[in-house]
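Colleague: Next one to model:
(one chain, ligands or ions: 1)
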Amino acid sequence: MSQNEIVTDVVIVGAGPVGLFAVFELGLLDIKCHLVDILDRPGGQCAELYPEKPIYDIPGFPMITGQGLVDNLMQQIAPFGPEFHFGRMVTSLTRLEDGSFRLTTDADETFLCKAVVIAAGGGSFQAKRPPVEGIEAYEGQSVFYAVRRMEDFRDHDLVIVGGGDSALDWTLNLQPLAKSLTLVHRRDEFRAAPASVNEMRRLVAEGKVKLLIGQIGSVEGADGQLGAVTIKTAEGEVKLPATRMMPFFGLTMKLGPVGDWGLELNDNLIAVDTAKFQSSVPGVFAIGDINAYPGKLKLILSGFHEAALMAQAAKSIVSPGERVIFQYTTSSTKLQKKLGVA
Ligand code: FAD
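Modeller: Numbering: from 1, shown residues only. I've put the predicted structure just below:
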């Protein structure tokens, strides 16, 4: 087994609300899960697109915010100890001869598991590339759209571009490690949380962060290694030494690699049956916004229902021959023990 190989019962692709609830339903059946998400935190669309918006159609909650729902789901699944792998995209899914699966990520990890749950929503969130000529040549080597390991930025001349929460959060977090840090934004107003903006301005006043109002004009370097960036400002061009650059220009949703895994698709969504929410490949399930079936409603509550039925079907694959007895959490001491409440 290689160092980066993880063996588990089920891998869930996507840690949106539906992927998170799947951990609960699988956990009640003693199925252990690892979750992989390209984002750097759980919650999918709820956390990324509308954390502060109220949702009014979650059963039992007259009103709950997107982030509130995610926080509650995280609390609800905590007893099952799910393991999260954030900031990674699942790039490949292969069915092995014995019917189990191998998944790989763009962070060079391999997962071996008995069943796969695709809860990839509207697809993977992908960073928008800034309109700078030749930037592709540096991506993944010295230009990054997410931070996997803060250590990779230590002692670098770092340029962060953007005015939202990601740009400001990473400015504050990486400033103590960086050799120099310049924040570039097209105007002197920031969308990020006011507390982060105030902290950034304090660091600028102390000379620990340089703030430039302008746009990236060009990048230079060799063999994927950035050396300098030129910023266009109202006063003219400024050339900065830069060995790492992080543009934060927002995210778009794309189906991404899920479309290449040999699963039957229906209008770019994974076709499933409505008894098990299984795809055209036995052992690969698809729940939440990513699936398609007659009458599908892209609602969180639909995804929760799909997770419950999927878990029953996944159990017969993970533990073949084991009888599943239907039980209520209110009255089953066994289930309550798993939840740590009995
Ligand atoms: P998502 O939330 O989309 O999460 C999928 C996750 O999978 C993402 O985090 C993505 O990064 C990850 N992923 C995808 N591909 C990969 C890959 N290859 N590798 C790694 N990770 C991957 N629904 C309601 O029920 N009620 C509402 O009031 C409501 N309001 C909404 C308001 C807005 C503004 C929006 C945008 C949506 C709203 N929705 C609402 C819809 C709801 O958010 C979705 O139905 C729900 O998020 C679907 O959950 P999911 O877990 O299936 O997918």
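Colleague: Which single residue of the stretch 151-300 of the chain ends up nearest the ligand?
Modeller: Nearest residue of the stretch 151-300 of the chain to the ligand, counting by CB to the nearest ligand atom: residue 288, 2.2 Å away. Using the backbone N, CA and C atoms, a C-beta is placed for each residue, glycine as well.
Colleague: which SS class is the nearest residue to that residue once chain neighbours are set aside?
Modeller: Excluding its sequence neighbours, the residue lying closest to residue 288 (CB to CB, 6 or more residues apart in numbering) is residue 18, at 3.2 Å. Secondary structure state of residue 18, per DSSP: H, G, I helix; E, B strand; the rest coil, is helix.
Colleague: swap in residue 45?
Modeller: Assignment for residue 45 (three-state DSSP): helix.
Colleague: near the ligand, which residues of the stretch 151-300 of the chain show up?
Modeller: Listed as neighbours of the ligand in the stretch 151-300 of the chain under the rule CB under 6 Å from any ligand atom: 256-258, 288-289, 298-300.
Colleague: Neighbour-wise, which one of the residues you listed leads?
Modeller: When neighbours are taken as other CB atoms under 10 Å, the top entry among those is residue 288 (29 neighbours).
Colleague: residues contacting that one?
Modeller: Contacts for residue 288 (CB atoms under 8 Å, 6 or more residues apart in numbering) come out as 14, 16-19, 119-121, 302-303, 306-307.
Colleague: ok, back up a step: can you tell me how far the residue of the stretch 151-300 of the chain closest to the ligand is from residue 271?
Modeller: Computed with CB to CB, to the nearest Å, the distance linking residue 288 and residue 271 is 14 Å.
Colleague: looking at the sheet around the nearest residue to residue 237 once chain neighbours are set aside, what are its partners?
Modeller: Leaving out its chain neighbours, the residue that sits closest to residue 237 by CB to CB, 6+ apart is residue 230, at 5.3 Å. Note on residue 230: beta-bridge partners by DSSP bridges are residue 218, residue 239.
Colleague: correct me, but residue 230 touches residue 239?
Modeller: Yes. Using CB atoms under 8 Å, residue 230 is in contact with residue 239, at 4.9 Å.
Colleague: which of these two has more neighbours?
Modeller: Applying other CB under 10 Å to residue 230 and residue 239 shows that residue 230 carries more neighbours, namely 16 against 12.
Colleague: all strands for the stretch 151-300 of the chain, in order.
Modeller: Here the stretch 151-300 of the chain has its strands, by DSSP state E, counting those that start in this stretch, at 157-161, 180-185, 210-222, 225-233, 236-241, 244-247, 251-254, 265-266, 269-271, 284-286, 291-292.
Colleague: between those strands, which gets the lowest average pLDDT?
Modeller: Among the strands of the stretch 151-300 of the chain, strand 251-254 carries the lowest mean pLDDT, a mean of 80.
Colleague: Alpha carbons only: can I get that one in PDB?
Modeller: Taking Å, rounded to 0.1, in the frame of the first residue of the first chain, the C-alpha atoms of strand 251-254 are listed here in PDB:
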ATOM      1  CA  LEU A 251     -15.500  30.400  -8.300                       C
ATOM      2  CA  THR A 252     -17.600  28.900 -11.100                       C
ATOM      3  CA  MET A 253     -19.300  25.500 -11.000                       C
ATOM      4  CA  LYS A 254     -18.500  22.900 -13.700                       C
END
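Colleague: neighbours around residue 183, how many?
Modeller: Residue 183 has 25 nearby residues by other CB under 10 Å.
Colleague: Next, count neighbours for the closest residue to the ligand within the stretch 101-250 of the chain.
Modeller: Proximity of the stretch 101-250 of the chain to the ligand (CB to the nearest ligand atom) peaks at residue 121, 1.9 Å away. Residues lying near residue 121 (other CB under 10 Å) number 27.
Colleague: ok, now which ones touch the residue nearest the centre of the chain?
Modeller: In the chain, the residue lying closest to the centroid (CA atoms, centre = their mean) is residue 39, at 2.5 Å. Residue 39 sits next to 15, 47-48, 86-87, 125 when contact means CB under 8 Å, 6+ apart.
Colleague: need these in TSV with neighbour count, secondary structure and distance to residue 108, can you?
Modeller: TSV is the format used below for those (neighbours: other CB atoms under 10 Å; DSSP: H, G, I helix; E, B strand; the rest coil; distance: CB to CB, whole Å):
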residue	neighbour count	secondary structure	distance to residue 108
15	29	coil	20
47	20	helix	26
48	18	helix	24
86	16	strand	15
87	19	coil	13
125	21	strand	20
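Colleague: tell me the two of the residues you listed that are most distant?
Modeller: The largest separation in the contacts of residue 39, counting by CB to CB, is between 47 and 87 at 13.9 Å.
Colleague: now residue 85, nearest residue through space, not along the chain?
Modeller: Spatial nearest neighbour of residue 85, excluding adjacent residues (CB to CB, 6+ apart): residue 36 at 4.6 Å.
Colleague: so that neighbour makes contact with residue 82?
Modeller: No. Counting by CB under 8 Å, residue 36 stays clear of residue 82, with 11.1 Å between them.
Colleague: Domains in the chain, by residue range?
Modeller: In terms of domains, the chain is parsed into 5-125+252-338, 129-249 (source: automatic domain parsing).
Colleague: thinking again about what came up before, check the strands of the stretch 151-300 of the chain for me and report the most buried one.
Modeller: Of those, the one with the most neighbours on average (mean count of other CB atoms under 10 Å) is strand 284-286, at a mean of 27.
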